[in-house]
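Undergrad: Generate a structure from the sequence data that follows.
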Amino acid sequence: MESNEKIRETVRKGYSEIAKSNSNCCCGSSNPEKLAQGVGYTKDELDVLPEGANMGLSCGNPTVVAGLKAGQVVLDLGSGGGFDVFIAAKKVGSTGKSIGVDMTPDMLSKARAGISKFTEKTGLNNVEFRLGEIENLPVADNSVDVVISNCVINLSPAKQQVWNEIGRVLKPGGKACISDLALKMPLPQEVQKSVAALVGCVAGAVLIDDSIKMAQNAGLTNIKTEEKIYNFDILEDCSDHLYSEIKTSMPKDKKLSDYIVSVNFTAEKSKEIPAACG
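TA: Below you'll find the model as predicted:
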């Protein structure tokens with residue numbers, strides 16, 4: 001438990017610095033809009049965002065995978081500056097709700113500052129951000145239609161607990177749509193030890209089969225995965241200090257893309273809740 005809390009504090013500190021500097025865990029000098037379009041976001045989706053919400057932290061587009069509908073309640077795990085929360089809010093409309101949970105106060109402040117601008121752009125007032133850990137969500141049981149997350153669960157030191165929480169908060173028949181980084185093969189030991197690699201969404205990634213097992217253990221069914229090539233190689237000339245530190249830990253004949261793939265996970269909660277014993 002002490003080790004887990006140290007990891008959380010490392011991540012919290014790293015993302016607090018990202019929020020304050022307007023950098024990101026991939027490449028602070030890159031174009032966040034270009035990066036977002038590269039992982040599946042459209043210009044129309046990006047146009048609803050308040051300034052500063054897109055920090056280039058995505059490795060997929062879970063809002064598209066989810067096929068969001070008007071009136072749904074959506075929960076984003078590790079919502080950061082509100083990027084996917086705002087996009088989801090537009091999709092679920094005035095009769096729906098989009099909730100973000102993040103453990104970093106500086107990220108929450110950044111996200112909440114964008115709510116008024118989002119409302120000005122869209123006329124919608126259906127966004128909420130809550131302080132909390134994704135391993136212990138400040139969300140009621142059976143209250144969410146769709147859980148999304150974008151390049152965040154890999155950061156958690158207690159991934160099974162995250163999946164358990166997803167199963168708890170989903171309504172019967174609800175759906176989880178997770179975009180995350182996963183391993184094609186184990187990372188070199190030096191990369192696993194790197195703090196920059198942890199904050200940079202790399203060292204905490206696990207094998208795809210491990211994530212499937214965790215979703216199953218949480219009681220989720222109809223689990224599907226779709227692999228996407230996440231082009232780390234476009235960051236080879238990046239000057240960002242996080243990525244530069246990761247590069248120094250890599251074997252000379254290897255690239256991050258040799259180890260890491262972006263994966264869309266989808267899973268469902270049974271429409272029937274088991275009857276209580278006794």
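Undergrad: right, and residue 160 touches residue 216 too?
TA: No: using C-beta atoms under 8 Å, residue 160 is not in contact with residue 216; the gap is 10.6 Å. C-beta coordinates here come from the backbone N, C-alpha and C atoms, glycine included.
Undergrad: low-confidence ranges in the stretch 101-250 of the chain?
TA: Applying pLDDT under 70 to the stretch 101-250 of the chain picks out residues 188, 190-204, 229-250.
Undergrad: just checking, what packs against the longest strand along the chain?
TA: If you go by DSSP state E, the chain has its longest strand at strand 170-183. When contacts are defined as 3 or more C-beta pairs under 8 Å, 6 or more residues apart in numbering; DSSP states H and E, strand 170-183 packs onto helix 62-66, strand 144-150, helix 208-217, strand 260-269.
Undergrad: Now distance to residue 126 and mean neighbour count too, for those, in TSV please.
TA: TSV is the format used below for the helices and strands packed on strand 170-183 (distance: least, C-beta to C-beta, whole Å; neighbours: other C-beta atoms under 10 Å):
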stretch	distance to residue 126	mean neighbour count
helix 62-66	14	24
strand 144-150	13	26
helix 208-217	28	17
strand 260-269	23	22
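Undergrad: Okay, the nearest residue to residue 83 once chain neighbours are set aside and residue 261: tell me how far apart.
TA: Residue nearest to residue 83 in three dimensions, not counting chain neighbours: residue 53, with 5.0 Å by C-beta to C-beta, 6 or more residues apart in numbering. According to C-beta to C-beta, to the nearest Å, residue 53 and residue 261 sit 26 Å apart.
Undergrad: Residue 169 now?
TA: Distance, residue 169 to residue 261, by C-beta to C-beta: 27 Å.
Undergrad: what do you get for residue 119?
TA: 37 Å.
Undergrad: With residue 148 instead?
TA: Residue 148 is 19 Å from residue 261, by C-beta to C-beta.
Undergrad: Which parts of the protein are helices?
TA: Counting by DSSP state H, the chain has helices at residues 2-21, 32-38, 43-47, 62-66, 83-92, 105-113, 115-122, 159-169, 189-193, 195-199, 208-217, 241-248.
Undergrad: State the mean pLDDT of the second one.
TA: This predicted structure assigns helix 32-38 an average pLDDT of 66.
Undergrad: Kindly report the same for stretch 66-73.
TA: For stretch 66-73, the mean pLDDT works out to 96.
Undergrad: buried stuff in that stretch?
TA: Residues of stretch 66-73 classed as buried: 66, 68, 72, 73 (neighbour count, 16 or more other C-beta atoms under 10 Å).
Undergrad: and if you look at stretch 164-177?
TA: 164, 165, 166, 167, 168, 169, 170, 171, 174, 175, 176, 177.
Undergrad: so who does the closest residue to the second one other than its chain neighbours touch?
TA: Counting by C-beta to C-beta, 6+ apart, residue 165 lies nearest to residue 137, which is 4.8 Å off, once chain neighbours are set aside. Residue 137 makes contact with 75, 77, 101, 165, 168, 169, according to C-beta atoms under 8 Å, 6 or more residues apart in numbering.
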